[in-house]
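Asks: Kindly return the folded structure for what I paste below:
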Amino acid sequence: MKRILCLVALHGCFLAVGFLLFLALFRTPLASSQQVFFYRGCRLIAWAGLVHFALMLLAWTAWRRVGGDLRDLFSNVAVACCLNLVFFTHLPVTADRSVTVMLLGYLAENPDRRVSPAELETVFVEKFVRRDRAIARRLKEQVESGTITVTPDGVQITAQGEQVMKRYGQIARFFELDPRLIQPSRIGADPSQPARKE
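Replies: Next up is the predicted model:
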């Protein structure tokens with residue numbers, strides 16, 4: 001029983017180490033050449049997993065003493081990477097891309113007064129879309145992702161981009177999401193109407 005408790009404690013400690021490694025790597029220049037925030041985070045999760053595994057190998061004697069084996073090492077790293085990915089996509093990525101977070105931030109900056117919906121709409125368009133060049137930044141991300149091409153004549157989706165949107169359409173239908181999220185041309189239409197087939 002004592003060995004089992006020690007093994008559980010060791011797993012818990014190294015899961016925490018994996019998470020702290022991921023946070024620490026974000027404060028370094030590693031993978032900073034990657035301009036897409038999400039992709040940089042995924043690379044850092046992979047790097048954190050490698051360092052995590054190396055540290056666990058250094059502590060191999062401790063693992064053997066409590067009955068651990070290589071499966072424990074691999075499973076601990078895998079779980080840590082999964083938890084890091086869940087954390088990363090749920091909080092930092094949401095904060096980076098969410099309109100909701102931006103609007104809440106504006107309200108938090110004005111806690112002593114009531115802000116009208118019209119003012120929030122103006123703030124979103126003027127500050128987020130225009131001054132912060134939200135569209136230009138998103139286009140740059142998608143060029144790097146290979147989903148669009150940008151020429152002097154305009155922006156066009158690539159075959160890869162069409163496949164991505166096809167998958168999003170399938171996801172939207174399966175989870176019964178508002179089809180207007182996938183087909184902006186339907187904005188203003190009744191969301192209960194059947195969506196165009198992908």
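
Asks: Okay, strands next: where are they in the protein?
Replies: In the chain, the strands defined using DSSP state E lie at 148-151, 154-157.

Asks: mean confidence for the first one?
Replies: Read it as strand 148-151. Average pLDDT, strand 148-151: 94.

Asks: same thing with stretch 118-137?
Replies: Averaging pLDDT along stretch 118-137 yields 90.

Asks: same question, stretch 184-198
Replies: 63.

Asks: about what we covered before: and the strands of the chain, which is most packed in?
Replies: The highest mean neighbour count among the strands of the chain, using mean count of other C-beta atoms under 10 Å, belongs to strand 148-151: a mean of 13. Glycine gets a C-beta too; all of them are placed from N, C-alpha and C.

Asks: quick one: that one to chain centroid distance?
Replies: Its chain's C-alpha centre and that of strand 148-151 lie 24 Å apart, by C-alpha atoms, centre = their mean, to the nearest Å.

Asks: again with stretch 113-132
Replies: The answer for stretch 113-132 is 25 Å, by C-alpha atoms, centre = their mean.

Asks: re the thing from before, for residue 121, find the nearest of the strands of the chain.
Replies: Closest to residue 121 of those, according to C-beta to C-beta: strand 154-157, at 24.7 Å.

Asks: Which elements pack onto that closest one?
Replies: When contacts are defined as 3 or more C-beta pairs under 8 Å, 6 or more residues apart in numbering; DSSP states H and E, strand 154-157 packs onto strand 148-151.
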